[in-house]
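Novice: quick one, fold the following:
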Amino acid sequence: MEFDEVLKVIGEFGSTQKLHFTLILLLQPFFAYHMLLLAFVGKEPYSIICKDSPGVHPCKVEDCKEYEYGPEFTSIVTEWDLVCGESYKAGMSQSIFMAGVLVGASVFGILADMYGRRTMTVLGCVFMALFGLMCAFTQSFVQFSAVRFFSGISTGGSILVSFVLATETLGPSVRALLLLPCLFYLDLE
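Specialist: The predicted structure is shown next:
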């Protein structure tokens, strides 16, 4: 007897399955927050001035030693002067994060088969929170990128394992309909 046939006999979406699915669904926004983090912490300010040559566009000044930014906000761009020739680094940190997501999805899938999906989902969420907090205390771009890589590993692994965890207990007739909210958040990510 196939597992889907067993689910049809015992119930495709009972009270335990509803609770289980709801708890996993509540994790989805946290995954999206980590995926979209750079849109907020990597924002470039509206006004940039080179203090060495205030009247000239800052990117046209050779070897500008100190930049001044508008007062509207701070970001990794303003903290570590990721402007002009260094502006590629802000986007590169998202690529480093996504490399971590790729590694995490690969590694967590294997580990989830060995240690269990619930264990790996919880462990991934704990590491995701830990590395997310560590991002706030990084002192350089290299530290930030390294922490974001490990954050990507835990985020990518948690996304994959929690999705499978939500899928495997749902009956075949409700599976597609109920997984649409999960896919919505994956589209945001």
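Novice: spatially nearest residue to A112 (excluding sequence neighbours)?
Specialist: Excluding its sequence neighbours, the residue lying closest to A112 (C-beta to C-beta, 6 or more residues apart in numbering) is M120, at 4.2 Å. Backbone N, C-alpha and C define where each C-beta goes, glycine included.
Novice: doesn't the one you found belong to a helix?
Specialist: Yes. Per DSSP: H, G, I helix; E, B strand; the rest coil, M120 lies within a helix segment.
Novice: roughly how far apart are the residue of the chain most remote from its centre and E168?
Specialist: Distance from the C-alpha centroid of the chain peaks at G55, with 39.6 Å (C-alpha atoms, centre = their mean). Shown here: G55 relative to E168, a distance of 64 Å by C-beta to C-beta, to the nearest Å.
Novice: try P54
Specialist: Distance of P54 to E168, computed by C-beta to C-beta: 62 Å.
Novice: related to what we said a few turns ago, and the residue farthest from the centre of the chain, which helix or strand is it part of?
Specialist: Secondary structure from DSSP states H and E places G55 outside every helix and strand.
Novice: cool, and E68?
Specialist: In this assignment (DSSP H and E), E68 forms part of strand 67-69.
Novice: which parts of that strand are buried?
Specialist: By neighbour count, with 16 or more other C-beta atoms under 10 Å as the criterion, the buried positions of strand 67-69 are 67, 69.
Novice: going forward, the N-terminal residue is numbered 4.
Specialist: From this message on, residue numbering opens at 4, which makes the last subject strand 70-72.
Novice: just how off-centre is the following helix or strand past that strand within its chain?
Specialist: Counting by DSSP H and E, the next helix or strand C-terminal to strand 70-72 is helix 79-82. Remark: helix 79-82 is offset 20 Å from the chain centroid, using C-alpha atoms, centre = their mean, to the nearest Å.
Novice: now do helix 79-82: which elements does it pack against?
Specialist: Applying 3 or more C-beta pairs under 8 Å, 6 or more residues apart in numbering; DSSP states H and E, one finds that helix 79-82 contacts helix 91-118.
Novice: the helix it packs on - contacts with which helices or strands?
Specialist: The contact analysis (3+ C-beta pairs under 8 Å, 6+ apart) places helix 91-118 against helix 31-44, helix 79-82, helix 120-138, helix 144-171.
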